[in-house]
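*Asks:* Structure for the following, please:
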Amino acid sequence: TFTPTDTARYNSVTATNTLVVNKATPNVVIEAAGTSAYTGQPRAAVGKVKDRFDTTIATPALTYNGSPDAPVLPGEYTVVATFPGNANYEAGTATATLIITKSVVDIQINVQDVTYDGRSHPAGVTVSGLHPDVLAADSVTYNGSTDNPVNAGTYTVVATFNGSAVYEAATATRTFVIHKATPTVTVSDATFTYDGTPRAASGTVTGGGGAALGSPVFTYNGAPDAPVNGGVYSVVGTFAGDANHNAASGSGTITIGKAVPTV
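*Replies:* Predicted coordinates:
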């Protein structure tokens, strides 16, 4: 409105116009997406609505492959942030990708070197996931066999976990030795009276776990033939060893006393 001071020459006048303040376009952003490993807990992204000064003015609604719930299980998720707008800002959206990878397990093989005793010696295997998940190995092999080792030798243990919906597959190895046992060779002392016949020694070989390994091979004062004549003989019993036992020996004495003739 214009009101003149010189009303003799000017009339009052009024003009109108329209001023429009448009809504601003917000910047919708998604943070904390990216890639992370499965933890058993929801993996949520963070959405923000910002103005042109980078000031957060609102929080958008988030969906993960269309669901409002933050994902837990491994997979690839499309995150959509939606801001419906308000009195001063237009609606806006943003998208991002969130990836949850499978977690890894820890495989522990518990086994020690032992000496052959005739028994089997399986390894102890523990597969651990995220606490408190205690899993199981899908296979345990010893030099490629699933049979628990018994005999002397060097064994490579391979424990395999095939993986699951939330855990990666994994393999662990460890080597251990079943050492040969040293058997006990026993030679029995004996006393005879000369009668013209050979007098052989007797004895036993006892192996790991009490296994009976037969009789040793004897020598008499170093000779292999059983003695006949009177005298004292040092007997050595020898075991040559086998796949599970070391060589070993033992000693004893045979005495052949003189006979008393009849005159």
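
*Asks:* ok, the residue lying closest to Ala190 once chain neighbours are set aside - contacts?
*Replies:* Leaving out its chain neighbours, the residue that sits closest to Ala190 by C-beta to C-beta, 6 or more residues apart in numbering is Ile254, at 5.2 Å. All C-beta atoms are positioned from the backbone trio N, CA, C, and that covers glycine. Applying C-beta atoms under 8 Å, 6 or more residues apart in numbering to Ile254 gives the contacts 189-192, 199, 201, 220, 227, 232-233, 235.

*Asks:* Ile254 belongs to a helix?
*Replies:* No. If the criterion is DSSP: H, G, I helix; E, B strand; the rest coil, then Ile254 is strand and not within a helix.

*Asks:* so it bridges to which residues?
*Replies:* Listed beta-bridge partners, Ile254: Ala190, Tyr233 (assigned using DSSP bridges).

*Asks:* most centrally placed residue in this protein?
*Replies:* Closest residue to the average C-alpha location of the chain: Ile107 at 1.1 Å, with C-alpha atoms, centre = their mean.

*Asks:* Residues in contact with the strand or helix carrying that residue: which ones?
*Replies:* Per DSSP states H and E, Ile107 falls inside strand 106-110. Here strand 106-110 makes contact (C-beta under 8 Å, 6+ apart) with 123-128, 137, 157, 159, 161, 170-174.

*Asks:* Any quick PyMOL command for the buried ones out of those?
*Replies:* Typed into PyMOL, the line below selects the buried ones among the contacts of strand 106-110, using 16 or more other C-beta atoms under 10 Å:
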select buried, resi 123+125+126+127+137+157+159+161+170+172+174
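
*Asks:* what's the span of stretch 237-248 from first residue to last?
*Replies:* End-to-end span of stretch 237-248 (C-alpha to C-alpha, to the nearest Å): 9 Å.

*Asks:* what pLDDT, on average, does it get?
*Replies:* Stretch 237-248 comes out with an average pLDDT of 98.

*Asks:* doesn't Ser251 fall inside a strand?
*Replies:* Yes. Under three-state DSSP, Ser251 sits within a strand.

*Asks:* hang on, the earlier thing: looking at the contacts of strand 106-110, which are in strands?
*Replies:* In strands, defined here by DSSP state E, the members of the contacts of strand 106-110 are 124-128, 157, 159, 161, 170-174.

*Asks:* And those residues, which is closest to Thr59?
*Replies:* Ser128 (38.3 Å; C-beta to C-beta).

*Asks:* What residues does the nearest residue to Thr175 once chain neighbours are set aside make contact with?
*Replies:* Leaving aside its chain neighbours, Thr175 sits nearest to Thr156 (5.0 Å; criterion: C-beta to C-beta, 6+ apart). The contact partners of Thr156, taken as C-beta under 8 Å, 6+ apart, are 142-143, 173-175.

*Asks:* could the residues you listed be laid out in JSON lines, adding pLDDT and distance to Ala259?
*Replies:* Converted to JSON lines, the contacts of Thr156 look like this (pLDDT from 0 to 100; distance: C-beta to C-beta, whole Å):
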{"residue": "Tyr142", "pLDDT": "98", "distance to Ala259": "61"}
{"residue": "Asn143", "pLDDT": "98", "distance to Ala259": "61"}
{"residue": "Thr173", "pLDDT": "98", "distance to Ala259": "69"}
{"residue": "Arg174", "pLDDT": "98", "distance to Ala259": "66"}
{"residue": "Thr175", "pLDDT": "98", "distance to Ala259": "62"}
